[in-house]
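J.: Return a 3D structure for these sequence lines:
(2 chains)
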Amino acid sequence: SQTIHQWPATLVQPVGSPLSLECTVEGTSNPNLYWYRQAAGRGLQLLFYSVGIGQISSEVPQNLSASRPQDRQFILSSKKLLLSDSGFYLCAWSPRPTSGSNPYEQYFGPGTRLTVT
Amino acid sequence: GENVEQHPSTLSVQEGDSAVIKCTYSDSASNYFPWYKQELGKRPQLIIDIRSNVGEKKDQRIAVTLNKTAKHFSLHITETQPEDSAVYFCAASRGAGGGSNYKLTFGKGTLLTVNP
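T.: Numbers count the residues shown, from 1 in each chain, chains lettered A, B, ... in the order given. Next comes the predicted model:
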């Protein structure tokens, strides 16, 4: 079966420090991968998505970047954190349309709670 | 791009009552409408979905209805129980069309509280 991991689970970082959040998926190949931010315990804002290694689409202009160095690894980064970067970051994956599974259904990781102080 | 509006933002019901959450979408090319449930401190999980060729879908106590003409869809929970308390998100997707790559656009969520 497929599983998705995120780490760290929680992170407290000072303003201006760098950030690296990691997401890995097991049990599937060539998934679509997504990074979301959830502020104030509510709305899910799509930040980035990727359909393959090295292929990153950005949804909103911001202080963050994403990379996909391996098929099942998705990394969210920042060179200098802002207070407004605080939030709950969720990684998700969905099957490719050619896999025979529902390509619309997204499976979320456990999330990373980031507090910028 | 797609815009999904969700109402109400909070909903409080008594155990056993029904709950209805409504969403509207803007992109007439959207063809898939899922609902996710997020319990406190946990990850969102899909509870039901509907495609644009279907008007209604039911799974035990939950049902979803879709009105393509009006571009709105709703989640109905009957005989609510305390464990139904959570944040519910609606979403919409146009699938692979227009380079969308099956992205989901989410509503802002509804906090449902079921009082015993």
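J.: only C-alpha atoms for contact and neighbour calcs from this point on.
T.: OK.
J.: partner residues bridging A:Glu22?
T.: Bridge pairing for A:Glu22 (DSSP bridges) gives the partners A:Trp7, A:Ile75.
J.: number of nearby residues for the closest residue to B:Gln6 other than its chain neighbours?
T.: Distance criterion CA to CA, 6 or more residues apart in numbering or on different chains; nearest residue to B:Gln6, sequence neighbours excluded, is B:Cys23 at 4.4 Å. As a burial measure, B:Cys23 scores 24 neighbours (other CA atoms under 10 Å in any protein chain shown).
J.: Surely B:Cys23 is within a strand?
T.: Yes - judged by DSSP: H, G, I helix; E, B strand; the rest coil, B:Cys23 forms part of a strand.
J.: Contact partners for the residue of chain B found nearest chain A?
T.: Here the residue of chain B nearest chain A is B:Lys108; by CA to the nearest CA that distance is 4.1 Å. With contact set as CA atoms under 8 Å, 6 or more residues apart in numbering or on different chains, B:Lys108 has these partners: A:42-44, B:5-6, B:9, B:89.
J.: Surely the residue nearest to B:Gln6 is in contact with B:Cys90?
T.: Yes - look at B:Cys23 against B:Cys90 with CA atoms under 8 Å: they come within range, at 6.7 Å.
J.: Between these two, which contacts overlap?
T.: Joint contacts of B:Cys23 and B:Cys90 (CA under 8 Å, 6+ apart) are B:4, B:6, B:107.
J.: Nearest to A:Thr24, out of those residues: which one, please.
T.: B:Gly107 (26.1 Å; CA to CA).
J.: What residues does that closest one make contact with?
T.: With CA under 8 Å, 6+ apart, B:Gly107 has these contacts: A:43-44, B:4-6, B:23, B:89-91.
J.: In strands, which of the residues you listed appear?
T.: Mapping those onto strands (DSSP state E) picks out A:44, B:4-6, B:23, B:89-91.
J.: got a markdown table for the residues you listed, with pLDDT and distance to B:Asp49 too?
T.: A markdown table is the format used below for those (pLDDT from 0 to 100; distance: CA to CA, whole Å):
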| residue | pLDDT | distance to B:Asp49 |
| --- | --- | --- |
| A:Leu44 | 93 | 17 |
| B:Val4 | 96 | 15 |
| B:Glu5 | 96 | 17 |
| B:Gln6 | 97 | 16 |
| B:Cys23 | 98 | 13 |
| B:Phe89 | 97 | 11 |
| B:Cys90 | 97 | 9 |
| B:Ala91 | 97 | 9 |
